[in-house]
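model this:
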Amino acid sequence: MTSELGEPGELRESGGPGEREGAVPGGPGEREGAVPGGPGEREGAVPGGLGERERAVLALERRSWPGPGAKERAVREQLGLSATRYYQLLNALLDDPRALAHDPVTVNRLRRVREEKARRR
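The predicted model follows:
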């Protein structure tokens with residue numbers, strides 16, 4: 001670990017590039033194979049449940065949208081994600097049993113849509 005200066009007179013430690021602040025290697029805040037910002041990283045998570053971002057993604061998918069571009073604009077404004085990253089997270093959530101337990105109607109609907117698109121290919 002290296003020491004870095006934060007605010008004037010404040011000293012903090014850093015483990016190097018790519019290390020999440022506050023994570024203890026191998027500790028409870030770090031999951032093997034977790035993608036930063038993805039379903040493996042559970043900010044604001046209830047133990048055994050979905051993280052805050054994961055719940056927000058499912059909540060956006062539950063809504064109906066008035067026209068083209070409205071959902072993508074909401075994704076950028078509310079979640080701070082690009083549309084591509086949002087759909088990557090959503091696709092991973094469809095395979096997560098915690099998401100199914102949290103919102104079975106939305107997850108099952110989206111799974112059916114995904115399977116239908118896969119069949120057409």
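
could you list the single helix or strand in this structure with the lowest mean pLDDT?
strand 11-14 (a mean of 40; mean pLDDT, DSSP states H and E).

and the strand or helix carrying residue 53, what's buried?
Residue 53 belongs to helix 52-62 when assigned by DSSP states H and E. Within helix 52-62, the residues that count as buried by 16 or more other CB atoms under 10 Å are 53-58, 60-61. C-beta: built from backbone N, CA, C; applies to glycine.

so for residue 86, what's the nearest residue that isn't a sequence neighbour?
residue 75 (4.6 Å; CB to CB, 6 or more residues apart in numbering).

about what we covered before: export the helix holding residue 53 as PDB, just CAs?
The C-alpha trace of helix 52-62 is given here as PDB (Å, rounded to 0.1, in the frame of the first residue of the first chain):
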ATOM      1  CA  GLU A  52     -29.300   0.000  -5.000                       C
ATOM      2  CA  ARG A  53     -28.200   0.200  -8.700                       C
ATOM      3  CA  GLU A  54     -29.700  -3.200  -9.500                       C
ATOM      4  CA  ARG A  55     -33.000  -2.300  -8.000                       C
ATOM      5  CA  ALA A  56     -33.000   1.000  -9.900                       C
ATOM      6  CA  VAL A  57     -32.300  -0.800 -13.200                       C
ATOM      7  CA  LEU A  58     -35.300  -3.100 -12.600                       C
ATOM      8  CA  ALA A  59     -37.500  -0.100 -11.600                       C
ATOM      9  CA  LEU A  60     -36.700   1.600 -14.900                       C
ATOM     10  CA  GLU A  61     -37.500  -1.500 -16.900                       C
ATOM     11  CA  ARG A  62     -40.900  -1.800 -15.100                       C
END
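
what's that helix packed up against?
helix 83-93, helix 97-102, helix 104-120 (3 or more CB pairs under 8 Å, 6 or more residues apart in numbering; DSSP states H and E).

pLDDT of whatever helix or strand comes next after that helix, averaged?
Using DSSP H and E, the helix or strand that follows helix 52-62 in sequence is helix 70-74. For helix 70-74, mean pLDDT is 94.
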